[in-house]
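Q: take this sequence and fold it.
(one chain, ligands or ions: 2)
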Amino acid sequence: MDRRKHITWSQSQVSKENRQKLHNHKSCMVWLTGLSGSGKSTIANIVQTKLYELNMSTYLLDGDNLRHGINKNLGFSSEDRKENIRRTAEIGKLFVDAGIVVLAALISPFEEDRKLARFLFTEDEFIEIYVECSLEECELRDPKGLYKKARLGEIKNFTGIDQIYEPPQSPDLVISTNSKSPEECANELVNYLIERLK
Ligand SMILES: Nc1ncnc2c1ncn2[C@@H]1O[C@H](COP(=O)(O)OS(=O)(=O)O)[C@@H](OP(=O)(O)O)[C@H]1O
Ligand SMILES: Nc1ncnc2c1ncn2[C@@H]1O[C@H](COP(=O)(O)OP(=O)(O)O)[C@@H](O)[C@H]1O
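A: Ligands and ions are numbered 1, 2, ... in the order given. So this is what the prediction gives:
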């Protein structure tokens, strides 16, 4: 059954372009993907602060945080991750429509799910960032102690341990965090975004 059968689109009188003008910059979805502990949240937070200091309107959608609210009914099966990414991308789309630079930090391990997220946006609006870090380094960092638990079998379907992570096939930017500081990595992304949003 098509649930949208009797639903029509109501046009907004204020457009995305109007709102971008108000904010004084383009809006976009900056999608950070990578293993747990690769540095997505750390980098996204620093970038958000730096953009804020440049008078840009930003919003950070962090996978962990969304799982406390809108996504709290979802687990870590591949179906639940798909839905997690779909909802986050849809929320991000609303923020982009509102004229904001959105940073999304989610493991988003499957290429197909990331592609579906990309399809919601225009070509230049969706910016995929691969936060690359070896599993060995992520496991050494283990900021939340989750890898240890996964190795002990206390957490199932853990990305990189007993569920796969598919690296992006053609990301817009790769940020390698193995042997750089968070600040250096954030600067790489800020510089890239400033060029892209010109
Ligand atoms: N099984 C399993 N696999 C991976 N991660 C797990 C798992 N269980 C809990 N966690 C914690 O949940 C955070 C990942 O949530 P995401 O919404 O980013 O995941 S996903 O995009 O749906 O794959 C992830 O956060 P980050 O470490 O910030 O990536 C973990 O803290
Ligand atoms: N270059 C780097 N970029 C980001 N985080 C780094 C970097 N080097 C070390 N770290 C550390 O790695 C950990 C990454 O954790 P987090 O940002 O929560 O990752 P994720 O959100 O991908 O799970 C933090 O403790 C951070 O200080």
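
Q: please enumerate the strands of this protein.
A: Listed in chain order, the strands of the chain (DSSP state E) span 28-33, 58-62, 101-105, 126-132, 173-176.

Q: and the residue minimising distance to the centre of the chain, how far from residue 136?
A: Nearest to the mean C-alpha position of the chain, by C-alpha atoms, centre = their mean, lies residue 104 at 2.6 Å. Separation of residue 104 from residue 136 (C-beta to C-beta, to the nearest Å): 26 Å. Every C-beta, even on glycine, is put in place using the N, C-alpha and C of the backbone.

Q: for the residue nearest to the centre of the chain, give me its contacts.
A: Contact analysis of residue 104 by C-beta atoms under 8 Å, 6 or more residues apart in numbering lists 29, 30, 31, 32, 60, 61, 62, 63, 88, 89, 92.

Q: again, but for residue 20
A: When contacts are counted by C-beta under 8 Å, 6+ apart, residue 20 is found next to 26, 27, 99.

Q: distance to ligand 2, neighbour count and pLDDT for those - can I get that in a markdown table?
A: Listed next are those as a markdown table, based on distance: C-beta to the nearest ligand atom, whole Å; neighbours: other C-beta atoms under 10 Å; pLDDT from 0 to 100:
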| residue | distance to ligand 2 | neighbour count | pLDDT |
| --- | --- | --- | --- |
| 26 | 25 | 18 | 97 |
| 27 | 23 | 22 | 98 |
| 99 | 26 | 21 | 98 |
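
Q: could you pull out the helices for the chain?
A: For the chain, the helices defined by DSSP state H occupy 16-23, 40-53, 63-66, 78-97, 111-119, 135-141, 146-151, 182-196.

Q: which one of those is the most hemmed in?
A: helix 40-53 (a mean of 19; mean count of other C-beta atoms under 10 Å).

Q: name the residue of this structure that lies nearest to ligand 2.
A: The chain approaches ligand 2 most closely through residue 39 (2.5 Å), counting by C-beta to the nearest ligand atom.
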